[in-house]
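*Asks:* Here's my sequence, what's the structure:
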Amino acid sequence: MAASDDPYKMDNIFEEPASYVPAAPAPRKIVGRPGVDELAEGVIAGDRSMLGRAITLIESRNPKHQKQAAELSLKLLPHAGKSYRIGITGVPGVGKSTFIEAFGCNLIEAGKKVAVLAVDPTSPITGGSILGDKTRMARLGVQDNAFIRPSPSGGSLGGVTRTTRQTLIACEAAGFDVVLVETVGAGQSEVAVSDMTDFFLVLMLPGAGDELQGIKKGVLEIADMIVVNKADADNEIRAKQAAVHYRNALHIMQQRSPNWQPPVEMCSALKNIGMDDIWARLEEYRTTLTATGEFQEKRQGQRWKAVWSALQDRLMTDLRSHPDVVAELPRISEALKTGDLTVTLATDEILSLFQGPGKD
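*Replies:* Presented below is the predicted three-dimensional model:
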């Protein structure tokens, strides 16, 4: 800045120039909750701050906010659907966060934008959640083309939150090429995340003893690929042995797709070994299923499943907040404790209160 351009520049610091007029203070910007239109515009423009606010609105259980979130999702939907949705699960300690960080950084180096929806389990006792994935993915978190959103599962089954589908739409509308959904992986049914993603990847440990008992058969049946992580140093031989076991197990199982036989790969996320091979398999899957039309059919089927999931969540929310139900719950709870009501009769009473008089 030139001296003449600086209103505070004076030749003599003890004298104020006659022409000096203090600059008027800038008008104070009123900070408030952005509206649905403003949120939609911000998300579509790729504003990560607006994306975060949009997801906060989507996750709210306030009935007013839920209506706004539905309106927001409708505005974002035409701009969504172009990303590659990848679900990632695995037994505790398998290194999901390390894998996702290495995998995501590699994708960003290849010119892609990556969003990570990391779901942390909610405590059934306190209702709290650690939400520590941003600290576990510090290197990925500072990337300009990365977005990490840890969210509490809120007790939802399937290892995902009740709003993960809407959050996926928001991330896609924001222009992310790949959306990685890290599930809880705590032994719950992982079918839910499989129903909302294009590809379901299962991470496994090498030499964990009875490997085939380390994960439920149902998860193997919905896996699109199994990856044995930590396949380095002394673990390499055990990783190869585990990979053989998984290949044999997958060959005797009925697969969901007639056009894809789930492969078994090995990697070391810590040393960034084998990650390119995994992405190559993912690309092969998308190319193969797109050519047969199965990829598009899968996306269409996901929408209908999402309707039923949303209905279930909405009905439970309405039931729990129904004034007649809320008023009678203490009495019903006490009757259950004293044995005056059975579980079946208590259920019938709650449903009758919810449905209203004259309905069976």
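*Asks:* what about the closest residue in space to Q261 that isn't next to it in sequence, is that helix, strand or coil?
*Replies:* Spatially, and ignoring its direct neighbours in sequence, Q261 is nearest to Q255 (6.5 Å; CB to CB, 6 or more residues apart in numbering). From N, CA and C alone the C-beta is placed, and that goes for glycine too. With DSSP: H, G, I helix; E, B strand; the rest coil as the basis, Q255 sits in coil.
*Asks:* Touching, Q255 and P262? I think so.
*Replies:* Yes: Q255 is within contact range of P262, at 6.6 Å (criterion: CB atoms under 8 Å).
*Asks:* contacting residues for the residue nearest to Q261?
*Replies:* 221, 261-262 (CB atoms under 8 Å, 6 or more residues apart in numbering).
*Asks:* Quick check: phi and psi on it?
*Replies:* phi -90, psi 150 (degrees, to the nearest 10).
*Asks:* Let me know the helix or strand that I86 is in.
*Replies:* Secondary structure from DSSP states H and E places I86 in strand 84-90.
*Asks:* And that strand, how far out from the chain middle?
*Replies:* In terms of CA atoms, centre = their mean, to the nearest Å, the centre of strand 84-90 is found 9 Å from the chain centre.
*Asks:* after that strand comes which helix or strand?
*Replies:* As assigned by DSSP H and E, the chain's next helix or strand after strand 84-90 is helix 96-109.
*Asks:* Can you read off the pLDDT for T163?
*Replies:* pLDDT for T163: 81.
*Asks:* and what of K113?
*Replies:* Note for K113: predicted pLDDT of 97.
*Asks:* That one against D177, yeah?
*Replies:* Yes: the pair K113 and D177 passes the contact test of CB under 8 Å, sitting 5.1 Å apart.
*Asks:* Residue ranges of each domain in this protein, please.
*Replies:* If you go by automatic domain parsing, the domain ranges for the chain are 34-78, 80-292, 308-355.
*Asks:* and the gap between the residue nearest to Q261 and V181?
*Replies:* To V181, Q255 is 21 Å away according to CB to CB, to the nearest Å.
*Asks:* and what of V244?
*Replies:* For V244 relative to V181 (CB to CB), the value is 29 Å.
*Asks:* Who has more neighbours out of those two?
*Replies:* V181 (26 against 10; other CB atoms under 10 Å).
*Asks:* Determine the three-state secondary structure at the more buried one.
*Replies:* Applying three-state DSSP: V181 is strand.
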